[in-house]
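J.: can't give you the sequence, but here's the structure:
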Ligand SMILES: [Zn+2]
Ligand SMILES: [Zn+2]
């Protein structure tokens with residue numbers, strides 16, 4: 001399973017390349033205001049955790065968009081690369097980078113209550129409002 005195009009990806013100019021430890025299966029959309037300003041639409045991404053190798057790091061610029069996360073892009077071509085949870089060092093990777101996207105399923109949408117009216121996805125997905133998403137993923141109180 002080493003040379004598998006389903007686990008590799010790159011930015012538009014090719015300066016930044018990613019390799020994943022396992023093949024991503026599920027893609028989610030985030031309709032939050034920050035993602036839409038960042039991507040001019042919902043960001044379509046998958047959770048890679050820590051299992052990602054980034055090559056061409058000299059071409060990566062990260063913008064700290066919140067207390068917990070940063071958004072990275074290629075400083076040559078501007079492609080959005082990933083959102084990284086800084087403290088956990090965990091990556092949510094832009095699905096558009098992948099060389100082979102055929103096996104992906106679009107399964108969830110978050111911040112659905114922030115979605116503007118001018119678009120709608122027809123896919124049957126699990127949808128969470130901002131409050132539902134935060135309630136689901138906020139760290140338990142005893143982990144602080
Ligand atoms: Zn690039
Ligand atoms: Zn978002």
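T.: Everything's here; your move. All of these numbers come straight from a predicted model, not from anything done at the bench. Ligands and ions are numbered 1, 2, ... in the order given.
J.: so residue 129 sits against residue 115, correct?
T.: No. If you go by Cβ atoms under 8 Å, residue 129 and residue 115 don't touch, sitting 10.1 Å apart. Every residue, glycine included, has its C-beta placed from N, CA and C.
J.: which stretches of this protein form helices?
T.: Taking DSSP state H as the criterion, the chain carries its helices at 33-39, 130-137.
J.: from residue 55, how far out is the residue found closest to residue 54 once you drop the neighbours it is linked to in the chain?
T.: Nearest non-adjacent residue to residue 54, counting by Cβ to Cβ, 6 or more residues apart in numbering: residue 18, 5.7 Å away. Here the distance between residue 18 and residue 55 works out to 7 Å (Cβ to Cβ, to the nearest Å).
J.: so which of the two has more stuff around it?
T.: residue 18 (23 against 13; other Cβ atoms under 10 Å).
J.: wait, that one sits on residue 53?
T.: Yes. A contact is recorded between residue 18 and residue 53 when judged using Cβ under 8 Å, the distance being 6.8 Å.
J.: quick one: contacts for residue 60?
T.: With contact taken as Cβ atoms under 8 Å, 6 or more residues apart in numbering, residue 60 is in contact with 16, 54, 72, 73, 74, 75, 81.
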